[in-house]
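Q: can't give you the sequence, but here's the structure:
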């Protein structure tokens, strides 16, 4: 008969649940971007400007106002090669998110490093955006990113404290 297994402390279970929640969120982000990239492929060999104009009309927006004009201008500059490149970029981004999610769900150290770095990269840009144009949406994004980064750094420090190897 083997030694009884000890249940991890409540804080470790909570951290594990939080990391798995981040993993599911990363998988969701990957799926959304993959769907958007697939949608871009549907636009190949179509008149993107006309489709954008129909969308603006459908939503009863004023095509002469600022944001619809930006949208129409961007649609006018999309050629099939750009759409293909954007779709490929979306597929690559989604792949990275799916791999990260898989690693986080398995509580792999490399995935925790990837999540901390990929979340931390956005923080300076979010701070600048909040300083330029404060919004509750921007503050919420910053807080979520800071929580994710703190969670991942905490998990990595805890792993190091336990003597776990970073390649685990």
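A: Structure received. From a predicted model like this one, the values you see are computed outputs, not experimental measurements. Numbers count the residues shown, from 1 in each chain.
Q: What is the least confident helix or strand in the chain?
A: helix 66-76 (a mean of 84; mean pLDDT, DSSP states H and E).
Q: Which strands and helices lie in contact with the strand or helix carrying residue 144?
A: Secondary structure assignment for residue 144, by DSSP states H and E: helix 136-162. Counting contacts by 3 or more CB pairs under 8 Å, 6 or more residues apart in numbering; DSSP states H and E, helix 136-162 is packed against helix 10-42, helix 109-132. Where you see a C-beta, it was placed from the backbone N, CA and C, and this is true even at glycine.
Q: any residues touching whichever helix or strand comes after the first one, and which ones?
A: Looking back up the chat, that one is helix 10-42. Next helix or strand after helix 10-42 toward the C-terminus (DSSP H and E): helix 48-58. For helix 48-58, contacts defined as CB atoms under 8 Å, 6 or more residues apart in numbering pick out 43, 63, 68, 71, 72, 74, 75, 76, 78, 83.
Q: the inter-axis angle of helix 48-58 versus helix 66-76?
A: Taking axes from the mean of the first three to the mean of the last three CA atoms, to 10 degrees, one finds that helix 48-58 is oriented at 150 degrees with respect to helix 66-76.
Q: The contacts of helix 48-58: which two are farthest apart?
A: 63 and 83 (22.0 Å; CB to CB).
Q: Just want to know which of those two has more residues nearby.
A: residue 83 (20 against 12; other CB atoms under 10 Å).
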